[in-house]
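Colleague: have a look at this fold, sequence not included:
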């Protein structure tokens, strides 16, 4: 795998981590809505289990955010260190000239 391919794969992982972060945020919101609805309903099982679910998802979100911050920085540093912008330009020229 060359430097540009590695950088592109790293960027893809950053995007996937961002998507995972958004998914976890959506799950937290959905659990919150169910908790609010259950205030009126009063189902004991939901009262018992939803707060634990909410906490586990929130803990997962914290982990994802930490990994995303770390890996996004690593990706940016890799790109800067290896002058990826110049490599991309070279690849465009190479692809255009065949």
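Modeller: Yep, that arrived. If you're wondering where the values come from, they're calculated on a predicted model, not measured in any experiment.

Colleague: what count of nearby residues applies to residue 75?
Modeller: Per other C-beta atoms under 10 Å, the neighbour tally for residue 75 reads 20. For glycine as for every other residue, the C-beta is placed from the backbone atoms N, C-alpha and C.

Colleague: now do the helix or strand of the chain with the lowest mean pLDDT: which elements does it pack against?
Modeller: Ranked by mean pLDDT, DSSP states H and E, the weakest helix or strand in the chain is helix 84-97, scoring a mean of 88. If contacts are counted by 3 or more C-beta pairs under 8 Å, 6 or more residues apart in numbering; DSSP states H and E, helix 84-97 sits against helix 3-41.

Colleague: quick one: the helix it packs on to helix 84-97, angle?
Modeller: Angle, helix 3-41 to helix 84-97, by axes from the mean of the first three to the mean of the last three C-alpha atoms, to 10 degrees: 110 degrees.

Colleague: list the buried ones in helix 3-41?
Modeller: Neighbour-count burial for helix 3-41, counted by 16 or more other C-beta atoms under 10 Å, picks out 4, 7, 10-11, 13-14, 17, 20-21, 24, 27-28, 31.

Colleague: how about the residues you listed, which pair is most distant?
Modeller: The span of these, defined through C-beta to C-beta, is set by 4 and 31 at 41.1 Å.

Colleague: from what I see, residue 47 and residue 37 are in contact.
Modeller: No: between residue 47 and residue 37 there is no contact under C-beta atoms under 8 Å: 11.7 Å.

Colleague: what does the least confident helix or strand of the chain rub up against?
Modeller: The contact list for helix 84-97 (C-beta atoms under 8 Å, 6 or more residues apart in numbering) reads 3, 4, 7, 78, 79.

Colleague: redo these as JSON lines? Include distance to residue 87 and pLDDT.
Modeller: Output for the contacts of helix 84-97, formatted as JSON lines (distance: C-beta to C-beta, whole Å; pLDDT from 0 to 100):
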{"residue": "3", "distance to residue 87": "6", "pLDDT": "92"}
{"residue": "4", "distance to residue 87": "5", "pLDDT": "91"}
{"residue": "7", "distance to residue 87": "8", "pLDDT": "95"}
{"residue": "78", "distance to residue 87": "11", "pLDDT": "95"}
{"residue": "79", "distance to residue 87": "9", "pLDDT": "94"}
